[in-house]
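**Q** Requesting a structural model of the entry that follows:
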Amino acid sequence: PFIVHTGTPCDMDSNDLNGSQPLPHKKPKSPWHPFANRGHFSLTDFVFRHNEMPGTQFDELMHIWAEVNGSEGGSGKPPPYTNKKDLYDTIDAIDQGDIPWQSFTVQHGDANSLTGDPSAPQWKLAEYDVWFRDPCMLLHNQLSNPDFKDGFDHAPRQVYGNNHERVFGDFMSGNWAWNQCNELSEDPECHGAMFVPVILGSDKTTVSVATGNSEYYPLYISNGNVHNNIQRTHVNAVSLVGFLAIPKSDREHQNDQEFRDFRRHLFHRSLEAILSSLRPAMTTPEVTLCPDGHYRRAIYGLKPYIADYPEQCLLSCIVQGWCPRCTASRKDLDEKNAGHLRTHEFTELLRGTYAWKVLWDNWGIVDDIMPFTASFPRANIHELLSPDLLHQVIKGLFKDHLVTWVEKYLAKTFGTSKAAAMMAEIDRRVSAALSFPGLRRFPEGRHFKQWTGNDSKALMKVFLPAITGLVPDQMVRAISAFMDFCYLAHRSTLSEADLDALDDALARFHKERNIFIDSGVMPDGISLPCQHALMHYRTLIELYGAPNGLCSSITESKHIKAVKKPWRRSNRHLPLGQMLLINQQLDKLAAFKSHLAAHGFLNPASLEPADIDPGDFEDLDDEFDPEEAHFRDDSNLEDVEPDTELTRVQASVELAQTRAMEYPRRLPEIAAFINFLNLPELVGHFLYDQRNPNASIQAADIVDVFNSAVATFHAPSDICGVNAMQCQRIHSCRSWYNGPAHHDCIFAEKDPSLPGFQGLYVAQVILFFSITYRGQLYPCALVCWFAPIGNEPCKSTGMWMVEPELDDDSGERLVSIIHLDSIMRAAHLIGVYGSQDIPHHLKHTDSLVAFSAYYVNKFSDYHAYEIAY
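**A** Modelled structure (predicted):
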């Protein structure tokens, strides 16, 4: 199709520019204003944004600074700031990112007539303040951010991969943006304009249960032009637009229908009022600055709304238990072809036909209210509800359904006492899983009191091997099919072949999950909104691109930056006003840094590039719970992190920067030190293979041993930087944190032409070292190999199995030396536990010598799933 919304550059007066005209911008003459110089700005950014220093401590710092400068030998100059007020006033004087807060107050319609009535419920008399910033100005700030210039689409695009298949990734690669532009193209005034999809997201969050269950209701805004990898990682791609009011009632009235109706009306009318400034530019283009420095005419459209299931029901005015997207019956949500897409027009038709009770019972419609999108052009909230990987798939389907159902099956089949023993065995298997870069371990198993999204993600990675042999194979196949669906849906790009695989995984899951019905765990059948939502994923991906660009983990992560941390920085007395000011000041500093970098006054690499918090994206209590330390061992989480500076082509494995000082530096001594006496012979074979002369062992002049190596690779579906690169540390050391040895496993390249795991080797690293031979450095690794069992993955778990590979002559483990260039990344192996209990005393550090066979864990992370299928 021909798209006329191409995002043609224009001047500030909306006149189109030809490509030869220069960008209409000049460098500022006083770049550091309102700061005195670069040093003053760097100090401000460090203490206010990075260190989050309290005002009283900053006053003390300036006092010490003055004493140092005023003492003998000091410079005699005054400190950079007089006090905290001077600091805050300077930040407030920044021009960039200056969007003031506004508010309006809402009351119940009967509030005036009920004044003075002692029997009137308090919620009817209360005033509800809604604070917000102009969403149009926030979008202007996002669209003009020069940090996004290399990851920004000015127009919809169709991407094709192998075999001429469509590939869906960033939002503008989906069909929805094309459809919107085709509709807008009927108006000639919109031709050449840049279409800007507006992303919204909201979710209540609790800042501290311990200090009174303090709740806030933030509303966020973003745009669909920014690529998904930036959407997921960059702090400025998502903005706090407002705080919605949370009506409270006493227990007597909290379940009253009238109170519930008021909450819905307050929610929708507040959204309508906050977003009203966008309405004119949804039909008439307005000029805005873009990341590449050009002006363009922009026209807005409401894009998918990021929300969990209860929030989706509130947004769509649908009764919980029903699908907020389609009309499928709540009694059998997954019946094929049972429902069609809901629309505002269809809802109005039903309201004119049926009474409220029929609407509620037969259609799941809440009467007497229309969603806020009904007042905006080209907006249907039922279509705009985004897929939610975190709450629908990870926490909802896996944790709330499958894990719970397995426990119920064991209790129903074996009785309470035997089931408890079997669950204890599953816990031991979970705790026996090897450490792995980025993997959260459960030293006491999966039985802990408070689940978070990261707990669910981590348990998913090790759950299948833990239950295999203890539950029926069909149950294992059901969970394996679900895992396939989950990991496919998390990909940063999905081709049409991937979507077919997604459909196949869902079909297998629907078939195999009947075990839970047949076994009596779900005797009345399965009709659950979270599971039904999976049936819409293919359509939603074709419309909006990869789901990981619209996941609620984005807003959950933003809670930390925009709500939790500002609340902790407040004095807790009327904190909202302080939180508003802190967010405004943080936005100003971020915009100022981007402005400086765009004009060459700051190195772009010095910018804070990512808003990645690998910690919990949950509404947890602010207080530390000492029991949490008993259930989690996160020391290995630091071994995987986004690489924010490397480009995609710089994938490699490199030895650590510092050698291990405890090792000797000559081969014979090293061989004796690690009790591997044929090491010199293996080095000779390695050098012969590398150089092909008659290598002399004695010519290996210097040998340095290292405790780790760092693999850097392209992993856009995992936690990564804006360039989609990830760093992963691979360990091979005699003692890990003064404990047992730690020797990770690796994937080594076998044959790139073969698909998936067939083109890979698996090995365990015994030693990382480098050899200097004839002036040339050879980084290498001593490894022992594993051999695949069979020619296909396990039929139940879907994972390949391997066993230690033995030398044909000696019967000992097959060992060799490989160049670091042949290593791809770390691999995670989990023992094939079988149906027998594992030893109670088994430690996870002994797992690689405790079992005769191992699963190659393709679920260790999303990148492993893509290469080890």
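**Q** Low-confidence regions, the stretch 1-150 of the chain specifically.
**A** 1-5, 19-27 (pLDDT under 70).
**Q** mind listing the strands in it by residue range?
**A** 9-10, 101-106, 128-133 (DSSP state E, counting those that start in this stretch).
**Q** Would you reformat those strands as a markdown table and include distance to Ser417 and mean neighbour count?
**A** C-betas here are computed from N, CA, C, even on glycine. Listed next are the strands of the stretch 1-150 of the chain as a markdown table, based on distance: least, CB to CB, whole Å; neighbours: other CB atoms under 10 Å:
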| stretch | distance to Ser417 | mean neighbour count |
| --- | --- | --- |
| strand 9-10 | 73 | 21 |
| strand 101-106 | 56 | 13 |
| strand 128-133 | 53 | 19 |
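**Q** Compare those strands and give me the one nearest Leu389.
**A** Among the strands of the stretch 1-150 of the chain, strand 128-133 comes nearest to Leu389, with 28.0 Å by CB to CB.
**Q** quick one: strands adjacent to the closest one?
**A** Strand pairing for strand 128-133, determined by DSSP bridges: strand 101-106 (antiparallel), strand 239-243 (antiparallel).
**Q** Next one: Asp334 from Leu534, what distance?
**A** 9 Å (CB to CB, to the nearest Å).
**Q** actually Phe592, sorry about that
**A** 44 Å.
**Q** next one: Val226
**A** 27 Å.
**Q** Settle it for me: which of these two has more neighbours?
**A** Val226 (27 against 22; other CB atoms under 10 Å).
**Q** Output the strands of the stretch 1-150 of the chain in a markdown table, with distance to Gly438 appended to each entry.
**A** A markdown table is the format used below for the strands of the stretch 1-150 of the chain (distance: least, CB to CB, whole Å):
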| stretch | distance to Gly438 |
| --- | --- |
| strand 9-10 | 42 |
| strand 101-106 | 38 |
| strand 128-133 | 36 |
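**Q** looking at those, which is closest to Pro80?
**A** When those are compared by CB to CB, strand 101-106 sits nearest Pro80, at 27.8 Å.
**Q** And that closest one, how far out from the chain middle?
**A** 32 Å (CA atoms, centre = their mean, to the nearest Å).
**Q** could I have that strand exported to PDB, CA atoms only?
**A** The C-alpha coordinates for strand 101-106 follow below in PDB (Å, rounded to 0.1, in the frame of the first residue of the first chain):
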ATOM      1  CA  TRP A 101       2.100  20.800  36.800                       C
ATOM      2  CA  GLN A 102      -1.600  21.600  36.700                       C
ATOM      3  CA  SER A 103      -4.500  20.300  38.700                       C
ATOM      4  CA  PHE A 104      -8.300  20.100  38.800                       C
ATOM      5  CA  THR A 105     -10.700  19.000  41.500                       C
ATOM      6  CA  VAL A 106     -13.600  16.600  41.200                       C
END
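**Q** And the contacts of it?
**A** With CB atoms under 8 Å, 6 or more residues apart in numbering as the test, strand 101-106 has contacts from 127-134, 245, 266, 269-270, 273, 580, 584.
**Q** Would you tell me which one of those comes nearest to Asn571?
**A** Checking the contacts of strand 101-106 against Asn571 with CB to CB, the nearest one is Leu580 at 14.2 Å.
**Q** Next, count neighbours for Lys843.
**A** 13.
**Q** try Met53
**A** 18.
**Q** Would you mind confirming that Leu848 is in contact with Phe436?
**A** No: contact status for Leu848 versus Phe436: not in contact, 11.8 Å apart, counting by CB atoms under 8 Å.
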